[in-house]
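Participant: return atomic coordinates for the entry below.
(one chain, ligands or ions: 3)
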Amino acid sequence: MKTILLTSAAFALALSLSAQDCGDIIISEYVEASSNNKAIELYNASDAPIDLGLGNYQFGRERNGNGIPMLMPITGIIQPGDVRVFALDKRNPDGTGLEAPIDAALEAAADTFVNPTYIETNSPFYFNGDDAFYLTKGTGAQQTLVDMIGKTAEDPGGGWSVPGDPNTSWWTEDNTLIRKPSVLQGVTMSPVVFDPSLQWDSLPNNTFDSLGFHRCACHLTIGVKEEIRSAFSVFPNPISRGEFAVKSSKQMTSFVVISGSGQVVREREFINGSYISVELPEVAPGIYMVVVEFEDGTHNFQKLIYR
Ligand SMILES: [Ca+2]
Ligand SMILES: [Ca+2]
Ligand SMILES: [Ca+2]
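Facilitator: Ligands and ions are numbered 1, 2, ... in the order given. From the prediction side, this is the model:
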């Protein structure tokens, strides 16, 4: 069956994205849970398969803000819009204490198990909340930072908190973080201040059920089957006020409105109907994309012009 991939290239026809957007791998999920339950999910935001081994991609961890990243090469090919899940390699069911096995749900979600043995000076995957975590690619002078969590040479204590709110150090410790769908590229320079809430959504400790997929504006409708795409109309279009309606002959279950910079400006799930009236928050005039999901799980999109 012919599958349509609404990739960044398709978006770029209607929307203007910056050159670095939807061009590389991003860290899409960070799991720093109880015991040895640690995982990193990588998402290919680009339009082409990426071979991690060929590109010399590496994970890196800086222990407690010491400024020295311990690096670890990783391998695997990630298709556009797909993810790869790396988990700490602790799978001995008889293990206890520091050797306790990871949760069965996490083990089932992982594609690759890494770093089985802890060595203080060489243990990239043993992050526990206060360790800047990196994704790099290339070697030697060609090595570049692809993405990171945290801030280099900073020990935040237990974990990084939202600036000004010291009681929120759980953001990076005993927590699951999911990259917001509007993040289209990695953080390629250590931030002056790391505010985890800017690019991440926080889920409770020991949440493993969002590993294995990622929702990103770079590939919102991956896997849409052309044969069964349903039509819908947006009216009026263009609009001069932040209000419009969406109509379809088929039941719609959710919609999302994305700005030209890839920002999700409005989204709603669990609707069920063939007519939706939408009110946008205060947004700038420009070109927007309205993506609708139908009851059969398929998607379609329409361009909306706001003058
Ligand atoms: Ca640490
Ligand atoms: Ca932990
Ligand atoms: Ca995920």
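
Participant: and the protein, what are its domains?
Facilitator: If you go by automatic domain parsing, the domain ranges for the chain are 3-218, 229-306.

Participant: those: lowest mean pLDDT?
Facilitator: Mean pLDDT is lowest for domain 229-306 among these, at a mean of 85.

Participant: what strand or helix carries residue 108?
Facilitator: Element membership of residue 108 [criterion: DSSP states H and E] is helix 104-109.

Participant: circling back: export the domains of the chain as JSON lines, with columns for distance to ligand 3.
Facilitator: Yep, even glycine has a C-beta here, placed from its N, CA and C like the rest. Formatted as JSON lines, these follow (distance: least, CB to the ion, whole Å):
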{"stretch": "domain 3-218", "distance to ligand 3": "4"}
{"stretch": "domain 229-306", "distance to ligand 3": "16"}
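
Participant: now the farthest one out in the chain, which residue is it?
Facilitator: Residue farthest from the centre of the chain, counting by CA atoms, centre = their mean, is residue 94 at 33.7 Å.

Participant: pick the most buried one from the domains of the chain.
Facilitator: A comparison of those by mean neighbour count, using mean count of other CB atoms under 10 Å, puts domain 3-218 on top with a mean of 18.

Participant: who's residue 286 bridged to?
Facilitator: The partner list for residue 286 in beta bridges (DSSP bridges) reads residue 306.

Participant: can I assume it is in contact with residue 306?
Facilitator: Yes. With contact defined as CB atoms under 8 Å, residue 286 reaches residue 306; the gap is 6.0 Å.

Participant: those helices in the stretch 151-300 of the chain, which residues are they?
Facilitator: Ranges of helices in the stretch 151-300 of the chain, per DSSP state H, counting those that start in this stretch: none exist.

Participant: got it, and the stretch 1-150 of the chain?
Facilitator: 8-14, 104-109.

Participant: before we move on, the earlier item: for the helix holding residue 108, the distance to its chain's centre please.
Facilitator: A distance of 19 Å separates the centroid of the chain from that of helix 104-109, by CA atoms, centre = their mean, to the nearest Å.

Participant: my read: residue 216 touches residue 186, true?
Facilitator: No. Residue 216 is not in contact with residue 186 according to CB under 8 Å; the separation is 11.8 Å.

Participant: what sits in contact with each of these two?
Facilitator: Both residue 216 and residue 186 are in contact with residue 26, where contact means CB atoms under 8 Å, 6 or more residues apart in numbering.

Participant: what parts of the protein come near ligand 1?
Facilitator: Residues of the chain lying near ligand 1 by CB under 5 Å from the ion: 64, 128, 130-131.

Participant: how does it look with 6 Å?
Facilitator: Within the chain, the positions near ligand 1 by CB under 6 Å from the ion are 63-64, 128, 130-131.

Participant: quick one: contacts for residue 120?
Facilitator: residue 63.

Participant: nearest residue to residue 51 other than its sequence neighbours?
Facilitator: Leaving out its chain neighbours, the residue that sits closest to residue 51 by CB to CB, 6 or more residues apart in numbering is residue 77, at 4.9 Å.

Participant: where does the stretch 201-307 of the chain get nearest to ligand 1, residue-wise?
Facilitator: Relative to ligand 1, the nearest point of the stretch 201-307 of the chain is residue 205 (16.7 Å; CB to the ion).

Participant: measure residue 250 to residue 272 for me?
Facilitator: Remark: distance between residue 250 and residue 272 (CB to CB, to the nearest Å) = 11 Å.

Participant: tell me which stretches of the stretch 201-307 of the chain form strands.
Facilitator: For the stretch 201-307 of the chain, the strands defined by DSSP state E, counting those that start in this stretch cover 224-225, 232-235, 243-258, 264-279, 286-294, 299-306.

Participant: and for the stretch 1-150 of the chain?
Facilitator: Listed in chain order, the strands of the stretch 1-150 of the chain (DSSP E, counting those that start in this stretch) span 3-4, 25-32, 38-44, 50-51, 58-62, 69-73, 77-78, 83-88, 112-114, 133-137, 144-149.

Participant: packing partners for the second one?
Facilitator: If I follow you right, that is strand 25-32. The contact analysis (3 or more CB pairs under 8 Å, 6 or more residues apart in numbering; DSSP states H and E) places strand 25-32 against strand 38-44, strand 83-88, strand 133-137, strand 144-149, strand 175-179.

Participant: no further queries at this time; thank you.
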